[in-house]
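Asks: show me the folded form of this:
(one chain, ligands or ions: 1)
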Amino acid sequence: MGVPSVFVRTSGCNLRCTWCDTPYTSWQPEGEERSVSSIVDEVSSYGASHVVITGGEPMIAPQIEELTEELAARLTQHITIETAGTVDAHVHCDLMSISPKLANSTPLTRDNGRWADQHERLRYQPEILRRLVQLYPYQLKFVITEPNDLQQVNAIVSDIGASRNRVVLMPEGVDAATLADRGRWLADIAKREGFRMTPRLHIDLWGNRRGV
Ligand code: SF4
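Replies: Numbers count the residues shown, from 1 in each chain. The predicted structure is shown next:
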């Protein structure tokens with residue numbers, strides 16, 4: 001956080017989190033098709049030292065493996081991939097930022113609940129998570145809506161054999177007031193559990209806006 005980064009956002013996701021803050025990549029996916037070379041050219045033009053490939057779910061994007069290989073071959077940027085950790089792909093990256101989704105993400109009522117079963121079936125894939133944490137430098141980021149969510153966090157960390165010092169807790173919310181309220185009790189939980197905590201810097205700085 002705080003490092004100027006170019007974000008490459010792929011559109012399309014296999015999940016439908018009820019609180020998804022990029023519905024234009026999941027619930028109503030938008031976007032244009034781009035060639036790998038045009039993306040690498042554009043990333044290069046910004047001159048930032050870090051590139052973050054996010055989504056949607058970038059691990060389901062066509063040619064994601066080729067994109068990461070091209071970025072690594074042509075540029076010197078540090079590459080982060082942000083993923084929910086439900087899909088396997090042999091990508092090149094310097095940091096796998098994995099955000100397994102808790103039960104608070106399941107869309108029980110949104111869109112008449114028609115995505116709930118699929119989301120619930122797919123959101124936790126322990127075999128894939130175990131592979132990712134073994135193969136890549138990683139962090140595990142959990143989106144927290146209430147203190148009881150920590151029971152699931154601890155169960156997942158234990159189940160997949162992750163290091164507790166690589167766990168980051170983030171309050172769910174897209175407005176500063178909600179984030180501040182949740183951040184206060186979440187800070188105490190993070191201290192108690194020995195986890196890290198992250199605010200949502202882009203929301204604090206610019207609000208809930210696209211492209212920032
Ligand atoms: S995994 Fe990410 S992009 Fe997909 S629905 Fe959940 S929050 Fe949105």
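Asks: and the residue lying closest to Y124 once chain neighbours are set aside, its phi and psi?
Replies: Distances taken as C-beta to C-beta, 6 or more residues apart in numbering place P100 nearest to Y124, at 6.2 Å, with adjacent residues excluded. C-betas here are computed from N, CA, C, even on glycine. Recorded main-chain torsions at P100 are phi -60, psi 140, according to degrees, to the nearest 10.
Asks: just I156 next, same as before
Replies: When quoted as degrees, to the nearest 10, the phi and psi of I156 stand at phi -70, psi -50.
Asks: list the residues that contact the residue positioned nearest the centre of the chain.
Replies: Nearest to the geometric centre of the chain sits E82, at 4.1 Å (C-alpha atoms, centre = their mean). If a contact means C-beta atoms under 8 Å, 6 or more residues apart in numbering, then E82 has V52, I53, T54, G55, P58, S97, S99 as its contacts.
Asks: element containing it, please.
Replies: strand 78-83 (DSSP states H and E).
Asks: cool, and C17?
Replies: Following DSSP H and E, there is no helix or strand that holds C17.
Asks: next one, pLDDT for the nearest residue to P29 once chain neighbours are set aside please.
Replies: The shortest distance from P29 to any non-neighbouring residue, by C-beta to C-beta, 6+ apart, is to S11 (4.6 Å). Each residue has a pLDDT score; the one for S11 is 98.
Asks: assign Q152 to helix, strand or coil.
Replies: helix (DSSP: H, G, I helix; E, B strand; the rest coil).
Asks: identify the bridge partners of V6.
Replies: Beta-bridge partners recorded for V6 (DSSP bridges): V51.
Asks: state the number of residues packed around it.
Replies: V6: 20 surrounding residues under other C-beta atoms under 10 Å.
Asks: again with the one 3 residues further on
Replies: When counting by other C-beta under 10 Å, one arrives at 18 neighbours for R9.
Asks: I'd guessed it sits against T54; true?
Replies: Yes. Taking contacts as C-beta atoms under 8 Å, R9 lies within contact range of T54: 5.4 Å.
Asks: who's in contact with the biggest helix by length in the chain?
Replies: If you go by DSSP state H, the chain has its longest helix at helix 176-193. Outside helix 176-193, the residues that touch it by C-beta under 8 Å, 6+ apart are 144-145, 147, 150, 153-154, 164, 167, 169, 171-173, 195-197, 199-200, 203-204, 207.
Asks: list the helices and strands the worst-scoring helix or strand of the chain on mean pLDDT packs on?
Replies: Ranked by mean pLDDT, DSSP states H and E, the weakest helix or strand in the chain is helix 201-206, scoring a mean of 91. Counting contacts by 3 or more C-beta pairs under 8 Å, 6 or more residues apart in numbering; DSSP states H and E, helix 201-206 is packed against helix 176-193.
Asks: and after the helix it packs on, which helix or strand comes next?
Replies: Next helix or strand after helix 176-193 toward the C-terminus (DSSP H and E): strand 196-197.
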